[in-house]
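1. pasted the sequence and its predicted model underneath.
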Amino acid sequence: MISDAVTSASHQPGRLSRLAIPLMAVVLCFGCIGAAVQAAEPTTNLPRVLVLATGGTIAGQADPRATGAYKSGQITGEQLMQSVPGLDKLAKLDAEQISSIGSQDMNDKVWFALARRIQEAFDKNEADGVVITHGTDTLEETAFFLDNVVRGDRPVVIVGSMRPATAVSADGPGNLYEAVQVAADPRSRGRGVMAVLNDKIQGARSVTKTNTTSIETFSSPNDGPIGYVDTAGGIRFMTQAAGFKRATYKLPAGEQLPRVAIVYSHANMDAIPIEDAISHGAKGIVLAGVGDGNTSKPALDALEAAAKKGIIVVRSTRVRSGFVTRNVEVDDDKNGFVVSEDLNPQKARVLTQLLISNGVTAPAELQKAFTATW
Ligand SMILES: NC(=O)C[C@H](N)C(=O)O
């Protein structure tokens, strides 16, 4: 067992064909699909896809007496797979339960467990692709973290849903089907970690959640989806594979990334949130700035003081699209600040954590890493 949040069932491969999930439970999970698992065809030549389940709404069940409420992470990855007709015809599937949590509780331990298991599966040639089932709230952060630490060109696809398994028109089964389609396809190689939801394939660097409840929530504001997938048309990639250079960072020893705080800027901003971050031992501060990564004079003065103490300061923005560019007015050069380019604050935080833990702390080097894509 890795932690309270990581189940004891982790790393116990279970072959789909050996599962003994009562059919009633499956039908209950995805009643609207009425999923009876179809007779398995010979699977010898099918690509091998490892499904790593972490929880989230895709594994959520509602109390039938409640109107909107449901509990995340109630169904296992194996049960999810069993409930999607035809999945076993796309790939030879194995499922492992890494955790059973809503992604609002996603944490370093689960991230490290995912990263290590994926790398092991690729290094030992156990899988041609990986699918991670995940809650949508922090899906983009997990995608970006893994994109920065997993080596090799085999596809890793992260998938979730906005409606629980028991909802009318649950979106989980269709999303999972499409995720396996993408993970099993050789054309998906060399594209890093991808998010597949609602017929779109989006890159880990750009994908972000944009709506609190709608199934049309994930978008890539600066560059759009890298492809589309649907059961009728199959997969259409709009970009070339390996279209950008991908750095991979080492996982630090232990189970934790360094503390990096996000400070949200607003009108009437004072220095208190920045002073709080410093006093709580932040090794880095990411500013979710207004506009082009701006903030008030008192906050800027506090950030300057933080940078002088050796705390990494990254200017990002609370605005959903666009880039934060190095700036003469803020004087990034003199202050030793880094700008996040296209990375939103939550992803800038992850990259800052990885850079610090890999010993990259000089502002010029940090800036190079943030700008690596262009
Ligand atoms: N749609 C979802 O998956 C939301 C849920 N709170 C989660 O992130 O786990």
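-> In hand now; what should we look at? All values derive from a computational prediction rather than experimental measurement.
2. quick one, phi/psi of the residue in the stretch 1-150 of the chain positioned nearest to the ligand?
-> Closest to the ligand within the stretch 1-150 of the chain is residue 135: 1.9 Å, counting by Cβ to the nearest ligand atom. From N, CA and C alone the C-beta is placed, and that goes for glycine too. Main-chain dihedrals, residue 135, degrees, to the nearest 10: phi -70, psi 160.
3. distance from stretch 346-356 to the middle of the chain?
-> Averaging C-alpha positions (Cα atoms, centre = their mean, to the nearest Å) puts stretch 346-356 14 Å from its chain's average.
4. any part of the longest helix along the chain near the ligand?
-> As assigned by DSSP state H, the longest helix anywhere in the chain is helix 108-123. No - Helix 108-123 does not reach the ligand (Cβ under 6 Å from any ligand atom); its nearest approach is 12.0 Å.
5. for the next helix or strand after that helix, list the C-alpha coordinates in PDB.
-> Sequence-wise, the next helix or strand downstream of helix 108-123 (DSSP states H and E) is strand 129-133. Below are the C-alpha coordinates for strand 129-133, written out as PDB (Å, rounded to 0.1, in the frame of the first residue of the first chain):
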ATOM      1  CA  GLY A 129       0.000   2.000 -24.600                       C
ATOM      2  CA  VAL A 130      -1.400   3.100 -21.300                       C
ATOM      3  CA  VAL A 131      -4.800   4.600 -20.400                       C
ATOM      4  CA  ILE A 132      -5.300   6.400 -17.100                       C
ATOM      5  CA  THR A 133      -8.800   6.800 -15.800                       C
END
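6. other residues contacting strand 129-133?
-> 47-56, 58-59, 77, 80, 91, 114, 118, 121-122, 142, 146, 154-160, 176, 179-180, 182-184, 188 (Cβ atoms under 8 Å, 6 or more residues apart in numbering).
7. for it, which strands pair with it and how are they oriented?
-> strand 48-55 (parallel), strand 156-159 (parallel) (DSSP bridges).
8. that strand and the ligand, any residue contact?
-> No - Strand 129-133 lies out of reach of the ligand by Cβ under 6 Å from any ligand atom, never closer than 9.7 Å.
9. not counting its neighbours along the chain, what's nearest residue 167?
-> Nearest non-adjacent residue to residue 167, counting by Cβ to Cβ, 6 or more residues apart in numbering: residue 62, 6.7 Å away.
10. whoops, residue 189 was the one
-> Residue 189 sits nearest to residue 153 (Cβ to Cβ, 6+ apart), 4.6 Å away.
11. hmm, that neighbour is touching residue 188, no?
-> No - between residue 153 and residue 188 there is no contact, the gap being 9.4 Å when judged by Cβ atoms under 8 Å.
12. picking that back up, touching the longest helix of the chain from outside, list them.
-> 2-3, 5-6, 10-11, 50, 52, 54, 96, 98-99, 101, 126-127, 130, 132, 142, 145-146, 149-152, 154, 156, 251, 255-257.
13. in helices, which of the residues you listed appear?
-> Going by DSSP H, the helices hold 142, 145, 146, 149 from the contacts of helix 108-123.
14. which of those residues has the most neighbours?
-> residue 145 (27 neighbours; other Cβ atoms under 10 Å).
15. pretty sure residue 349 is one of the things it touches, is it not?
-> No - Residue 145 is beyond contact range of residue 349, at 10.1 Å (criterion: Cβ under 8 Å).
16. domain map for this structure?
-> 14-237, 260-370 (automatic domain parsing).
17. off-centre distance for the first one?
-> When distances are taken as Cα atoms, centre = their mean, domain 14-237 is centred 11 Å away from the chain's centroid.
18. read off the pLDDT value for the residue of the stretch 1-150 of the chain closest to the ligand.
-> For residue 135, the pLDDT comes out at 97.
19. which phi and psi does residue 357 have?
-> The phi/psi pair for residue 357 (degrees, to the nearest 10) is phi -70, psi -20.
20. that one - nearest residue in space that isn't next to it in sequence?
-> Nearest to residue 357 is residue 252, by Cβ to Cβ, 6+ apart, at 3.9 Å.
21. test my guess that that neighbour contacts residue 283.
-> No - in this structure, residue 252 is not within contact of residue 283 by Cβ under 8 Å, at 11.8 Å.
22. and the pLDDT at residue 163?
-> At residue 163, pLDDT is 94.
23. name the SS class of it, please.
-> What DSSP: H, G, I helix; E, B strand; the rest coil gives for residue 163 is coil.
24. run a quick neighbour tally on it.
-> By other Cβ under 10 Å, neighbour count at residue 163 equals 18.
25. in contact with residue 307, which residues?
-> 313, 335, 336, 337.
26. in space, what's closest to the last one - neighbours in sequence excluded?
-> Leaving out its chain neighbours, the residue that sits closest to residue 337 by Cβ to Cβ, 6+ apart is residue 313, at 4.9 Å.
27. check contacts around the one you found.
-> 284, 285, 287, 303, 306, 307, 335, 336, 337, 338.
28. list the buried residues for the one helix or strand the fifth one maps to?
-> This points to residue 306. Using DSSP H and E, residue 306 falls within helix 297-308. Residues of helix 297-308 classed as buried: 299, 300, 302, 303, 304, 305, 306, 307 (neighbour count, 16 or more other Cβ atoms under 10 Å).
29. tell me how far that helix lies from the chain's centre.
-> On Cα atoms, centre = their mean, the centre of helix 297-308 falls 31 Å from that of its chain.
30. related to what we said a few turns ago, so for the strand or helix carrying the residue nearest to residue 337, what's the average pLDDT?
-> Using DSSP H and E, residue 313 sits in strand 312-317. Averaging pLDDT along strand 312-317 gives 98.
31. partners of it in the sheet?
-> strand 284-289 (parallel), strand 338-339 (parallel).
32. quick one: mean pLDDT over the last one.
-> Okay, so that is strand 338-339. Here the average pLDDT along strand 338-339 is 98.
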